[in-house]
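# need the 3D shape of this:
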Amino acid sequence: MINPLPSSPTAPQEAVESGDHEKLPKVRATAVILAAGQGTRMKSGHPKAMQRLLNRPMIAQLLETARKVFEDIVVVVGPDMAELEAEVAPAAIVRQYQRLGTGHAARMAEELFGDRDVVVLYADNPLVTEATMRRLLAARQKGAILALLGMRPENPGKYGRLVTAPDGSVQRIVEYADATPQEREIPLCNAGMMCADGQQFRQWLSALQASNAQGEYYLTDVVALAAREGRVVCVEAPESELAGINSRSELAHAEHILQTRLRQQAMDRGVTLVAPETVWFSNDTYLEPDVTVEPNVFFGPGVVVRRGAVIRAFSHLEGATVGEECVIGPYARLRPGAVCKAQSHVGNFVELKNTQLGERSKANHLTYLGDAVIGDDVNIGAGTITCNYDGVFKHRTVIGKSTFIGSNSILVAPIKIGDNALVAAGSVLTEDVPERAQAFGRARQVNKPERGHAYKQELKARKEQG
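Prediction:
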């Protein structure tokens, strides 16, 4: 079944790696992404392409890059992969109901090749960069009948080898299992991705034979067919871009590669990472210049940090916006909907959820603020919580500017505390507080003379008696 080819999607949000480089136009070409793999070695109930990198499915990483380069994208999925189909929308989708190899998968998409160049990509090779995709297209457009990507890995292992002619053109791909000892010594390895004219691609795909032990149609056999008709060239790229992901350990290695890229790009943009290897980004993390990030900080999806802010050690941020010159942490948690305005402070063991903290306002210790709007110049004492949930509904707390909330206060929402108010420490408030008022919400203290000493003596006697 084929979904109609959509128009080009909107470019994704800029991420950590976004710089001031010129954005190149899209190429009139079609990317076909093979994503029907079940990922048996992952031992997962999810398709391989849905395994996560940078806090999103790995297919999203490849799609984001491909959308910068290609006018049109087609994704080949397997049957019963509804979650994958939803993830790749609005890309065109075709389904491979029988898994008969990579050549068969590519053939499923041939109706959508169009009268243009076609590039075949793999969902489990999500690290390839925009620059490498464009180099592959350029090599084809310079006269090669087919261009493919190759690499020289430190440990070639069981990768297929590229057999080349004296002039450097590629003659064929030999799989490791079929290679002679001499061929196994070839350092140039196949990365799988290739580019050719759509019409010629159709012809080669139709000529593929399933003459192997697996009874499958191998896309790599296209190379030998193309070499008989013209020049096949290899575009080399680093292993860090082309390594495939077939296991959990390879997934972890790919995460390491992407995190290293984002850390370097963040520092190139003027961000200070005190211990870069301990900071973890999501694909859309956005940090402005002069931000400082201390060790062991985790950025979940949807975080923006403005210039001059400091994110202190062991903090966790997700779906949050941090204003200029804020100080967050250490050991702070900002959950989705948290907005910290300029020069505000969120201290150790403080959690914000769906809460706006005003300019220069502070919540420095042991506090939970959920579903709240807090004005400017407010001080939130240690141990304060907003009771925002009644078991069915969430309710909002509003705190006016220049208000002081004493330690260990419990604010039972819905509640509004006016400007310049003062809430006494240890209060439990269930009613609104007018501006400039002082609120006490605690039981009256009673002192009983000599009772403290007598009670301690009573306890000691019980202890002696066992």
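
# domains in the protein, by residue range?
Under the assignment automatic domain parsing, the domains of the chain span 27-242, 267-439.

# chain center to the longest one, what's the gap?
In this case it means domain 27-242. Here domain 27-242 shows a centroid-to-chain-centroid distance of 23 Å under the convention C-alpha atoms, centre = their mean, to the nearest Å.

# also stretch 452-464?
Its chain's C-alpha centre and that of stretch 452-464 lie 60 Å apart, by C-alpha atoms, centre = their mean.

# and stretch 328-346, by the same measure?
The answer for stretch 328-346 is 21 Å, by C-alpha atoms, centre = their mean.

# re the thing from before, could you tell me the least trusted of the domains of the chain?
Sorting the domains of the chain by mean pLDDT places domain 27-242 lowest, at a mean of 93.

# can you tell me the distance between the two ends of that one?
This stretch, domain 27-242, spans 21 Å end to end (C-alpha to C-alpha, to the nearest Å).

# pull the residues that contact stretch 361-380.
Residues outside stretch 361-380 that contact it (C-beta atoms under 8 Å, 6 or more residues apart in numbering): 341, 344-360, 381-386, 388-389, 394-405, 413, 419. In short, each C-beta sits where N, CA and C put it, glycine included.

# buried ones from the residues you listed, can you make that a ChimeraX selection?
The following ChimeraX line selects those of the contacts of stretch 361-380 that are buried, judged by 16 or more other C-beta atoms under 10 Å:
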select :341,344,345,346,347,348,349,350,351,352,353,354,355,356,357,358,359,360,381,382,383,384,385,386,388,395,396,397,398,399,400,401,402,403,404,405,413,419
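
# nearest to the spatial middle of this structure, which residue is it?
The residue lying closest to the centre of the chain (C-alpha atoms, centre = their mean) is residue 54, at 2.9 Å.

# for the closest residue to that one other than its chain neighbours, give its distance to residue 262.
Distance criterion C-beta to C-beta, 6 or more residues apart in numbering; nearest residue to residue 54, sequence neighbours excluded, is residue 283 at 4.1 Å. Separation of residue 283 from residue 262 (C-beta to C-beta, to the nearest Å) stands at 8 Å.

# do the same with residue 459
For residue 459, the distance to residue 262 (C-beta to C-beta) stands at 59 Å.

# do the same with residue 228
Taken as C-beta to C-beta, the span from residue 228 to residue 262 is 43 Å.

# neighbour count: these two, which is higher?
residue 262 (22 against 10; other C-beta atoms under 10 Å).

# test my guess that residue 239 contacts residue 155.
No: here residue 239 lies out of contact with residue 155, judged by C-beta atoms under 8 Å, at a distance of 9.1 Å.

# more neighbours, these two?
Per other C-beta under 10 Å, whichever of residue 239 and residue 155 has more neighbours is residue 239, with 17 against 7.

# list the contacts for that one?
Residue 239 touches 151, 152, 153, 154, counting by C-beta under 8 Å, 6+ apart.

# what of residue 271?
287, 288, 289, 290, 291, 292, 293.

# what distance do you get for the closest residue to residue 406 other than its chain neighbours to residue 366?
Once flanking residues are discounted, residue 406 sits nearest to residue 425: 3.3 Å by C-beta to C-beta, 6+ apart. Separation of residue 425 from residue 366 (C-beta to C-beta): 13 Å.

# ok, residue 189 next?
For residue 189, the distance to residue 366 - C-beta to C-beta - is 55 Å.

# so the two - more neighbours on which side?
residue 189 (22 against 17).

# isn't the more buried one up against residue 153?
Yes: Residue 189 lies in contact with residue 153 (C-beta under 8 Å); the separation is 5.9 Å.

# can you work out which residues contact both of the two?
Listed as contacting both residue 189 and residue 153 by C-beta under 8 Å, 6+ apart are residue 159.

# now do the helices in this protein.
Ranges of helices within the chain are 58-69, 82-88, 102-108, 130-141, 181-184, 198-207, 221-227, 239-242, 248-268, 451-464, based on DSSP state H.

# okay if I get those as a markdown table plus distance to residue 370?
Listed next are those as a markdown table, based on distance: least, C-beta to C-beta, whole Å:
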| stretch | distance to residue 370 |
| --- | --- |
| helix 58-69 | 29 |
| helix 82-88 | 30 |
| helix 102-108 | 47 |
| helix 130-141 | 40 |
| helix 181-184 | 60 |
| helix 198-207 | 54 |
| helix 221-227 | 57 |
| helix 239-242 | 42 |
| helix 248-268 | 30 |
| helix 451-464 | 38 |
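
# wait, which of the ones you listed is closest to residue 37?
For residue 37, the closest of those is helix 102-108, at 9.1 Å, according to C-beta to C-beta.

# helices or strands up against the closest one?
strand 27-34, strand 70-77, helix 198-207 (3 or more C-beta pairs under 8 Å, 6 or more residues apart in numbering; DSSP states H and E).

# dump the C-alpha coordinates for the longest one into PDB.
Only the C-alpha atoms of helix 198-207 are listed here, as PDB (Å, rounded to 0.1, in the frame of the first residue of the first chain):
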ATOM      1  CA  GLY A 198      15.600   6.600 -10.600                       C
ATOM      2  CA  GLN A 199      15.000   5.000 -14.000                       C
ATOM      3  CA  GLN A 200      18.300   3.000 -14.000                       C
ATOM      4  CA  PHE A 201      17.700   2.000 -10.300                       C
ATOM      5  CA  ARG A 202      14.400   0.500 -11.300                       C
ATOM      6  CA  GLN A 203      16.100  -1.600 -14.100                       C
ATOM      7  CA  TRP A 204      18.800  -2.900 -11.700                       C
ATOM      8  CA  LEU A 205      16.300  -3.700  -9.000                       C
ATOM      9  CA  SER A 206      14.200  -5.700 -11.500                       C
ATOM     10  CA  ALA A 207      17.300  -7.700 -12.500                       C
END
